[in-house]
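Peer 1: Make a model of this:
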Amino acid sequence: MRAFFITIALFAAAVGLAVSAHLDPGNVGLFYPPYRVELSLNLFVALLALLFLVLYGLVRLANKTLEMPGRVAEYRLRQRERRAYRALRGTLQSYLEGRYGHAEKQASGAQELPEAGGLAALVAARAAHRMTEYTRRDEWLKRADGVDGLRAARLMTEAECLVDARESTRALAVVAQLHAAGARHIQSLRVALKANQYAGQWEEVLRLLRTLNKRDAIHPAAAQQIKILAYRELLEARGSDGYGLIAFWQDVPQSDRRLPEIALAAARAFNAAGLGYQARVVLETALGLEWNADLVAEYGNCAEENSTAQIDRAERWLVTHPNDPHLQFALGILCSRQHLWGKAQAYLSAALESSPEPALRGRIHLALAQLLEEIGQNTEAASHFRLAALAQDRDEKVLVG
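Peer 2: Got it, this is the predicted structure:
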């Protein structure tokens, strides 16, 4: 409808212009001695308009001609951009499809444009890493180096690749650069956690775990396993330093001390350092919160000059856990240490009858053999030594199988 009204208006304007031109009697005279030219005013106006159009067309043509090199350059740039982004899309698609070699080839075609080329180089670096082509991976990372806006992405890519390859020293250096640049997001913290695990930086591992737990950025089960491993390593590293071990354990949060695995690691470290009393306190505290077979078994290794208090505590436990072979075994060890041979033999024999575990039975046979050897019953001791060796041999075969 709008076009119809515009057409009507144009026709009306043309009719009005024709009528006014027909009624106009004016002339224009042009005099250039010895020449004289007279034109109607209408013709003069028409020629003037035509001259304006011709001059306007010539000026436009000149401008277009002068702009031609720039327009050609822009056209070529647009073509390069199209090719580069098409190659980048192909690189991403090939990488996601698992065609890593093809992804690298596509990435080469994206290098015409710095922005697309930098992103394609990072994808190609990951593709080369997947194929364990670490030299090519590093070459692709160098191509992305220096591209505006891609520093954090390049460092993140390099850190993840190095952690995956377990190159912990280089990975930690890259993570340090990443964090110095302000990129302390969740994924960078996860990468830092793995890098510190592989490097054995267990105190830093615990610090990062606390940060990730606050952000709910790690599964609780995975966090607990990593935490247990970290504490085991830290406790074992301080095994020869009794005072350092005590000071370290005092700094462990109460929530971590409640975990049976950590309490067991602490007790073993204290026992290895000859600090039986500290080991006993750790185990009794942990067992008061949760009954655990491994903690009970370790209780028998808490060596003190006088184990009477331990025996009394273990016998009270036996009232509520009458057929626990680990507790009976621990009582047998404690009684043997106090030279209570009869009670020790009775507890060990009861543990042997109650225990269905081949590994524990082997340890019980060994303890019985040593006890019988102490009291001069060498024949029976030899029989138990043989049974202990057979149990150990079976365990080794099971592990190998």
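
Peer 1: can we go C-alpha only for contacts and neighbour counts from here?
Peer 2: Noted.

Peer 1: Okay, now the unreliable bits of this protein?
Peer 2: 10-26, 393-401 (pLDDT under 70).

Peer 1: And the strands in the chain?
Peer 2: Counting by DSSP state E, the chain has strands at residues 27-32, 35-40.

Peer 1: relative orientation of the first one and strand 35-40 in degrees?
Peer 2: With axes from the mean of the first three to the mean of the last three Cα atoms, to 10 degrees as the basis, strand 27-32 and strand 35-40 are set at 160 degrees to each other.

Peer 1: Can you tell me what sits against strand 27-32?
Peer 2: Surrounding strand 27-32, the residues in contact under the criterion Cα atoms under 8 Å, 6 or more residues apart in numbering are Arg36, Val37, Glu38, Leu39, Ser40, Leu41, Phe44.

Peer 1: biggest helix in this structure by residues?
Peer 2: Criterion DSSP state H: the longest helix present in the chain is helix 41-96.

Peer 1: elements contacting that one?
Peer 2: Packing contacts for helix 41-96, counted by 3 or more Cα pairs under 8 Å, 6 or more residues apart in numbering; DSSP states H and E, involve strand 27-32, helix 100-109, helix 114-130.

Peer 1: can you tell which of these is closest to Lys64?
Peer 2: Among these, helix 114-130 comes nearest to Lys64, with 29.9 Å by Cα to Cα.

Peer 1: who touches the closest one?
Peer 2: When contacts are taken as Cα under 8 Å, 6+ apart, the neighbours of helix 114-130 outside the stretch itself are 84-85, 88, 91-92, 95, 100-101, 103-104, 107-108, 110-111, 134, 136-141, 143-145, 147-148, 150, 153-154, 157, 161.

Peer 1: pull the CA atoms of it into PDB?
Peer 2: Output in PDB follows, covering the C-alpha atoms of helix 114-130 (Å, rounded to 0.1, in the frame of the first residue of the first chain):
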ATOM      1  CA  PRO A 114      45.500 -14.500  14.500                       C
ATOM      2  CA  GLU A 115      42.300 -14.800  16.600                       C
ATOM      3  CA  ALA A 116      41.000 -18.000  15.000                       C
ATOM      4  CA  GLY A 117      44.600 -19.300  14.600                       C
ATOM      5  CA  GLY A 118      45.300 -19.000  18.300                       C
ATOM      6  CA  LEU A 119      42.100 -20.900  19.400                       C
ATOM      7  CA  ALA A 120      42.700 -23.500  16.700                       C
ATOM      8  CA  ALA A 121      46.300 -23.900  17.900                       C
ATOM      9  CA  LEU A 122      45.100 -24.600  21.500                       C
ATOM     10  CA  VAL A 123      42.700 -27.200  20.200                       C
ATOM     11  CA  ALA A 124      45.400 -28.700  18.100                       C
ATOM     12  CA  ALA A 125      47.700 -28.800  21.100                       C
ATOM     13  CA  ARG A 126      45.100 -30.800  23.000                       C
ATOM     14  CA  ALA A 127      44.700 -33.100  20.000                       C
ATOM     15  CA  ALA A 128      48.500 -33.700  19.800                       C
ATOM     16  CA  HIS A 129      48.600 -34.400  23.500                       C
ATOM     17  CA  ARG A 130      45.900 -37.000  23.100                       C
END
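
Peer 1: distance between that helix and the chain's centre?
Peer 2: Relative to the centre of its chain, helix 114-130 is centred 19 Å away, using Cα atoms, centre = their mean, to the nearest Å.

Peer 1: That helix vs helix 100-109, what angle?
Peer 2: Regarding helix 114-130 and helix 100-109, their directions subtend 160 degrees when assessed with the same axes, to 10 degrees.

Peer 1: Numbering from 41 from now on, please.
Peer 2: All set: I'll call the first residue 41, so the last point we hit is now helix 154-170.

Peer 1: Could you check the angle helix 154-170 makes with helix 81-136?
Peer 2: 10 degrees.

Peer 1: List the buried residues for helix 154-170?
Peer 2: When neighbours are counted by 16 or more other Cα atoms under 10 Å, the buried residues of helix 154-170 are found to be 154-170.

Peer 1: Distance-wise, check Arg224 relative to Met196.
Peer 2: Computed with Cα to Cα, to the nearest Å, the distance linking Arg224 and Met196 is 11 Å.
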